[in-house]
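Visitor: sequence first, then the predicted structure, then my questions.
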2 protein chains.
Amino acid sequence: MKPLPGFRDFLPEDCAFRNAIFATWREVCRRYGFVEWDGPVLEPTELLQKKSGPEIVSQLFNFTDKGEREVTLRPELTPTLARVVAAHAREFRKPLKWFSIPQCFRYEKKQRGRLREHFQLNCDLIGDDSLGADVEIIALAIDLLRGLGFTPNDFVVRLSDRAFWTDLLTAENVPNERWTELLQAIDKSEREPREKTAEKLGSLGEPVFKVLDGGGRSEKLEQLVQKLAQRGLADFAKIDLSIVRGLAYYTGVVFEIFDRKGELRAIAGGGRYDKLIAQLSDNAVSLPAVGFAMGDVVLGELIKGNPVAAQQLDEFVRRESALDLYLVIAKEERRADAMRQLQQLRDAGWRVDYPMAAAKVGKQFQTAESLGARATLLYGDEWPAVKLKTLQSREEVLLPNEEIVQRIRALLAA
Amino acid sequence: MKPLPGFRDFLPEDCAFRNAIFATWREVCRRYGFVEWDGPVLEPTELLQKKSGPEIVSQLFNFTDKGEREVTLRPELTPTLARVVAAHAREFRKPLKWFSIPQCFRYEKKQRGRLREHFQLNCDLIGDDSLGADVEIIALAIDLLRGLGFTPNDFVVRLSDRAFWTDLLTAENVPNERWTELLQAIDKSEREPREKTAEKLGSLGEPVFKVLDGGGRSEKLEQLVQKLAQRGLADFAKIDLSIVRGLAYYTGVVFEIFDRKGELRAIAGGGRYDKLIAQLSDNAVSLPAVGFAMGDVVLGELIKGNPVAAQQLDEFVRRESALDLYLVIAKEERRADAMRQLQQLRDAGWRVDYPMAAAKVGKQFQTAESLGARATLLYGDEWPAVKLKTLQSREEVLLPNEEIVQRIRALLAA
């Protein structure tokens, strides 16, 4: 009995790892004034097909429901965001700063290590078309990774501009219906032999290769880097016009974040999509927007491969999950007394566990150690006093049971 | 453009409400030494059909995937738990104390207010067949609601025992294949006219009604109440043998939690399922288990209808989401300086926002108020000093900009 191919079980250790990433994401987003929202895991297929590029559509995890609706397990959150914002735009002060951590899905041919689900932080800034908004969203992406312990030696944000390329296509008189295909050829140029890209580009090869070989200049992107420099974040970014992004809806600045070693797929990617909300609401609402997504799978690999980040995450997990106290029941006659105090100790906010069944004292101490308890309380011959033992220092102290809650508070705080 | 019928969008306010419930659930579970895990949102239909009662199966949100697999959006987590525990049992010290907050799904005819998805806290204690384990799990269910601000005046745990009823069926020589049908008739007796139940029960009517009318006694349940009393929790529980639970896999103590006013559906329900893990693993692993689930929808209604719980939750949401500082940029020439400090302030862990575009000072203060900021920092003529204003007290103080981080730390702590 296994999970479906491409789906993960999260055993407690995996879940703690995942939750530590989520907690850092939430914490950093809130520092930026972003608020959390969420949408349905299932959406009408039409919402996704109309608005996404063909790459996404061919991998949809879609089906017909019992009510004959064409539905899809969301492959990304942006179409849902556009739907929700278009429906509720008037209720909120602009700009919106929204984040979400949806689980997203795709159905593609099974490949080594490729999952069919992942969790994806989405951050979007809606209602502001300035370069300042692009800077704020890119700074957030950088700080999310800094918050996990990474430095400029670990990752780089590659900055580009979709408008730079569509301007070039316009200048070269390329008909609009060929844009998607050509932009994808540019997007893939880094991963394909030059001849193959040249073949796809045809007469456009010359001007495009000139840019890709370093002959392009974007004043907008230079300004963007300068504004990141004001915040002390320029070391994390570089202009790289070969970034185009697969999705069709981007309209301006786009970016992707990669590990410096170049061993992993993109850690995050995003950009400006000023027309999507209008498009999805049949022009009832028009709001500029910029955002990005960061998945948990590649990020998890990056953390596990980085000693500093891995240790920081481990410490977070330990803080979150370690027990405060383990009750050692040395005499079964004391179990009822221990259970009474158990409730008081938990009511005081501490994490407390105990043996369900009678067990030897030595075994109970072993359990306390293996659960990571900070201290034990022993209920035995000393009753009505209780023996408190701090497991790290091995110090023991005898406490009258009616003073336990207040005495333990002092000891655990120390 | 709307979400699919029965699916919810979570706007920031809804999401904060949901997250406050989740945070309380996590906090209380950890006090009990429970650790979080999770399973896939999609499972093979076979896993769910084989192990669940017929009520669940008729409402499955199931479909055929592109690989011709019969799959289902999980209606509950227990079959997944049994699958995961059976596969990994040897890796963990028993008993396991595991919780999870899955989103669960069902597909049923659309009804007023009935959703097709909800979030559901699941808590399970695996590997201990003692009554003490039942007590621990029921105490946890009670403390989860106490943690949200509820008292014995607000809810009651109705305790019953599936074994009590199967013993009775055995004593009455009822053939095994009729058990499910008869147990369901008893389960529904409270909501149906007595004649209808009598008709379903046939010759079993007399002994069953004797019990339902108060003539049944369960020593096990009396012990259970006594053990809850040791923890000071007896006021939250009462024995009520009319509780049977719809799912087929329960084997012992079962319970449901209801609001005292009797206005809502069950807030939570669960019980002992000692044979499910063996059944799902073809007897490779056999572990007794007890657990329960608590959904977010009924609980949300209960909170919103209770002033104490609603206020406690509101305060939690405010603590989680309020801004610390809003930067007022009185002179655009100071924007670059403000952006530099923005980064330092956020790096210090504070939640800081600012205007993306130039705006009048009065409007900026309004925005600061509406975002719930505790204080503003004004960048204007006073530069290189910055004016800090505490919004509640209206106190203002002029700070040299290089001292800001440390000075604000003291002021915000006060």
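Guide: In hand now; what should we look at?
Visitor: got the domain ranges for chain A?
Guide: Split into domains by automatic domain parsing, chain A comes to A:12-316, A:323-413.
Visitor: I'd like the ones you listed laid out as TSV, including distance to residue B:18, mean neighbour count and mean pLDDT.
Guide: For the C-beta atoms, the positions are set from N, CA and C on the backbone; glycine is no exception. Shown next, in TSV, are the domains of chain A (distance: least, Cβ to Cβ, whole Å; neighbours: other Cβ atoms under 10 Å in any protein chain shown; pLDDT from 0 to 100):
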stretch	distance to residue B:18	mean neighbour count	mean pLDDT
domain A:12-316	8	18	93
domain A:323-413	23	17	93
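Visitor: residues in contact with the residue of the stretch 101-250 of chain A found nearest chain B?
Guide: Closest contact between the stretch 101-250 of chain A and chain B, by Cβ to the nearest Cβ, is at residue A:231 (4.2 Å). Contact partners of residue A:231, counting by Cβ atoms under 8 Å, 6 or more residues apart in numbering or on different chains, are A:135, A:139, B:339-340, B:342-343.
Visitor: what is the nearest of the residues you listed to residue B:129?
Guide: residue A:139 (55.1 Å; Cβ to Cβ).
Visitor: please report how far the closest one lies from residue A:237.
Guide: Distance of residue A:139 to residue A:237, computed by Cβ to Cβ, to the nearest Å: 10 Å.
Visitor: tell me which element the closest residue in space to residue A:23 that isn't next to it in sequence falls in.
Guide: What sits nearest to residue A:23 in space, not counting adjacent residues and going by Cβ to Cβ, 6 or more residues apart in numbering or on different chains, is residue A:316, at 7.1 Å. Per DSSP states H and E: residue A:316 is located in helix A:307-321.
Visitor: and the spatially most central residue of chain A, bridged to which residues?
Guide: Geometric centre of chain A, nearest residue: residue A:121, 3.7 Å, by Cα atoms, centre = their mean. For residue A:121, the beta-bridge partners are residue A:294 (DSSP bridges).
Visitor: common neighbours of residue A:139 and residue A:237, please.
Guide: With Cβ under 8 Å, 6+ apart as the test, residue A:139 and residue A:237 both reach residue A:228.
Visitor: in a strand, residue A:376, correct?
Guide: Yes: per DSSP: H, G, I helix; E, B strand; the rest coil, residue A:376 lies within a strand segment.
Visitor: would you confirm that it contacts residue A:330?
Guide: No: when contacts are counted by Cβ atoms under 8 Å, residue A:376 is not listed as touching residue A:330 (10.4 Å).
Visitor: what's the overlap in contacts for the two?
Guide: residue A:364.
Visitor: enumerate the residues of the stretch 51-200 of chain A near chain B.
Guide: A:61, A:63-67, A:69, A:71, A:73, A:80, A:83-84, A:86-88, A:91, A:93, A:95, A:97-98, A:100, A:103, A:107, A:117, A:128, A:130, A:132-133, A:136, A:139, A:143 (Cβ under 8 Å from any Cβ of the partner chain).
Visitor: for residue A:321, see how far away whichever residue of the stretch 301-414 of chain A sits closest to chain B is.
Guide: Residue nearest to chain B within the stretch 301-414 of chain A (Cβ to the nearest Cβ): residue A:353, separated by 3.4 Å. Using Cβ to Cβ, we find residue A:353 at a distance of 12 Å from residue A:321.
Visitor: and the helix or strand hosting residue A:327, what does it pack against?
Guide: Under the criterion of DSSP H and E, residue A:327 resides in strand A:325-329. Strand A:325-329 sits against helix A:335-347, strand A:352-353, helix A:361-370, strand A:375-379, with contacts defined as 3 or more Cβ pairs under 8 Å, 6 or more residues apart in numbering or on different chains; DSSP states H and E.
Visitor: who touches it?
Guide: Contacts of strand A:325-329 (Cβ under 8 Å, 6+ apart): A:335, A:338, A:341-342, A:345, A:350-355, A:358, A:361, A:364-365, A:367-368, A:371, A:373-380, A:408.
Visitor: show me the strands paired with that strand, marking each as parallel or antiparallel.
Guide: With DSSP bridges as the test, strand A:325-329 pairs up with strand A:352-353 (parallel), strand A:375-379 (parallel).
Visitor: helix or strand right after the longest one?
Guide: The one in question is strand A:375-379. With secondary structure assigned by DSSP H and E, strand A:375-379 is succeeded by strand A:385-390.
Visitor: parallel or antiparallel, which strands does whatever helix or strand comes next after that next one pair with?
Guide: As assigned by DSSP H and E, the chain's next helix or strand after strand A:385-390 is strand A:396-400. Next to strand A:396-400 in the sheet, as set by DSSP bridges, lie strand A:385-390 (antiparallel).
Visitor: ok, residues contacting the strand it pairs with?
Guide: With Cβ under 8 Å, 6+ apart as the criterion, strand A:385-390 contacts A:341, A:374-380, A:395-401, A:404, A:407-408, A:411.
Visitor: also stretch A:191-204?
Guide: With Cβ under 8 Å, 6+ apart, stretch A:191-204 has contacts from A:169, A:172, A:174, A:181-182, A:185-186, A:188-189, A:205, A:208-209.
Visitor: what's the answer for stretch A:207-220, then?
Guide: A:131, A:160-161, A:163-164, A:168, A:172, A:186, A:189, A:194, A:198, A:201, A:239, A:241-242, A:253.
Visitor: and the residue in the stretch 51-200 of chain A positioned nearest to chain B, what are its bridge partners?
Guide: Closest approach of the stretch 51-200 of chain A to chain B (Cβ to the nearest Cβ) occurs at residue A:63, with a separation of 4.2 Å. Note on residue A:63: beta-bridge partners by DSSP bridges are residue A:71.
Visitor: surely it meets residue B:63?
Guide: Yes: between residue A:63 and residue B:63 there is a contact under Cβ under 8 Å: 4.2 Å.
Visitor: hmm, the residue nearest to the centre of chain A is touching residue A:291, no?
Guide: No: the criterion here is Cβ under 8 Å, and residue A:121 misses it with residue A:291 at 10.4 Å.
Visitor: hang on, the earlier thing: in strands, which of the contacts of stretch A:191-204 fall?
Guide: Secondary structure from DSSP state E places none of the contacts of stretch A:191-204 in strands.
Visitor: closest to residue B:248 among the residues you listed?
Guide: Among these, and counting by Cβ to Cβ, the member closest to residue B:248 is residue A:188, at 53.3 Å.
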